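In: When you get a sec, could you give me coordinates for this:
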Amino acid sequence: MDCIFCKIANGEIPSTKVYEDETVLAFKDINPQAPVHVVIIPKEHINCALDINENNSIAVAHIFEVISKLGRELGLENGFRVINNCGEDGGQTVKHLHFHILGGEKLSEKII
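Out: Here you go, the predicted model:
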């Protein structure tokens, strides 16, 4: 499989890690759209939100626990945005489930 996020999770491609455990990896986005822009992925390859099921939903729930933890650790107490793009029409460019955490400033309402 030629998945860039799987390669990052496996350590084949370097990243600036923000958090890692046995289930998830969070790293700084290489093209930040806000002062804080972190990408969080399950280490297990899941294509997109359409592929979340009873066998992998525990990893997805854990991602949101980590998002909460990172929100505090990254100083985002005033709020932040979590974005997931699913499929071509949703703007997903890397076919590995991932969530963007954006914050560190008041975000425009135009970014949904």
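In: Scan the protein for its longest helix.
Out: Ranked by number of residues, the top helix in the chain under DSSP state H is helix 57-73.
In: what lines up beside the helix or strand following that one in the sheet?
Out: The helix or strand immediately downstream of helix 57-73 is strand 80-83, counting by DSSP states H and E. Partner strands and pairing direction for strand 80-83 (DSSP bridges) are strand 99-103 (antiparallel).
In: Only alpha carbons, please: show the strand it pairs with as PDB.
Out: This file holds the C-alpha atoms of strand 99-103, laid out as PDB (Å, rounded to 0.1, in the frame of the first residue of the first chain):
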ATOM      1  CA  PHE A  99      -8.700  14.700  11.500                       C
ATOM      2  CA  HIS A 100      -7.300  18.300  11.400                       C
ATOM      3  CA  ILE A 101      -7.200  20.200  14.700                       C
ATOM      4  CA  LEU A 102      -7.100  24.000  13.900                       C
ATOM      5  CA  GLY A 103      -6.800  26.700  16.500                       C
END
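In: chain center to it, what's the gap?
Out: Remark: strand 99-103 is offset 7 Å from the chain centroid, using Cα atoms, centre = their mean, to the nearest Å.
In: And the contacts of that strand?
Out: Strand 99-103 is contacted by residues 26, 29, 33-41, 63, 67, 70-71, 74, 76, 78-84, 111 when judged by Cβ atoms under 8 Å, 6 or more residues apart in numbering. No exception for glycine: its C-beta is placed from N, CA and C like everyone else's.
In: same deal with stretch 41-60?
Out: With contact meaning Cβ under 8 Å, 6+ apart, stretch 41-60 is reached by 1, 3, 5-6, 8-9, 22-26, 63, 84, 86-87, 90, 92, 95-99.
In: In PyMOL, select just the buried ones from the residues you listed.
Out: For the buried members of these, the matching PyMOL selection, counting by 16 or more other Cβ atoms under 10 Å, is:
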select buried, resi 5+6+8+9+23+24+25+26+63+92+95+96+97+98+99
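In: Where strands are concerned, which of the contacts of stretch 41-60 count?
Out: Mapping these onto strands (DSSP state E) picks out 24-26, 99.
In: returning to what we had before: the longest helix of the chain to strand 99-103, inter-axis angle?
Out: For helix 57-73 against strand 99-103, the angle by axes from the mean of the first three to the mean of the last three Cα atoms, to 10 degrees is 10 degrees.
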